[in-house]
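Undergrad: only the shape, not the letters, is given here:
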């Protein structure tokens, strides 16, 4: 369902309550704004964007290992060599 909004003189617009309700948006919800190649605007809650990109670079970790675990192992090895 399409809704009409008006951009104010300071560049602000109000999302209709039906849209906010449907998307579960509340005061303070942070949104990402993307301009699509066709000139349309895409609004996406940060949480949804984070979930979409979760694991995006996971294939770079060796054999599913954790970068944190790898760093800790390196630090422990360095500490053992210094003793």
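TA: Now that the structure is in, tell me what you want to look at. Source: prediction; values computed, not measured.

Undergrad: wait, isn't residue 29 in contact with residue 45?
TA: Yes. With contact defined as CB atoms under 8 Å, residue 29 reaches residue 45; the gap is 6.0 Å. C-beta: built from backbone N, CA, C; applies to glycine.

Undergrad: those two: who's more crowded?
TA: Legend: neighbour count by other CB atoms under 10 Å for residue 29 and residue 45, higher for residue 45 (15 against 12).

Undergrad: and the gap between the more buried one and residue 26?
TA: Shown here: residue 45 relative to residue 26, a distance of 10 Å by CB to CB, to the nearest Å.

Undergrad: residue 83: how many residues sit nearby?
TA: Using other CB under 10 Å, residue 83 has 4 other residues around it.

Undergrad: quick check, pLDDT for it.
TA: Looking at residue 83, its pLDDT is 78.

Undergrad: list the contacts for residue 45?
TA: Taking CB atoms under 8 Å, 6 or more residues apart in numbering, we find residue 45 in contact with 23, 25, 29-32.

Undergrad: and it, bridged to which residues?
TA: With DSSP bridges as the criterion, residue 45 is bridged to residue 31.

Undergrad: who are the packing partners of the longest helix anywhere in the chain?
TA: If you go by DSSP state H, the chain has its longest helix at helix 67-82. Contacts defined by 3 or more CB pairs under 8 Å, 6 or more residues apart in numbering; DSSP states H and E place helix 67-82 against no helix or strand at all.
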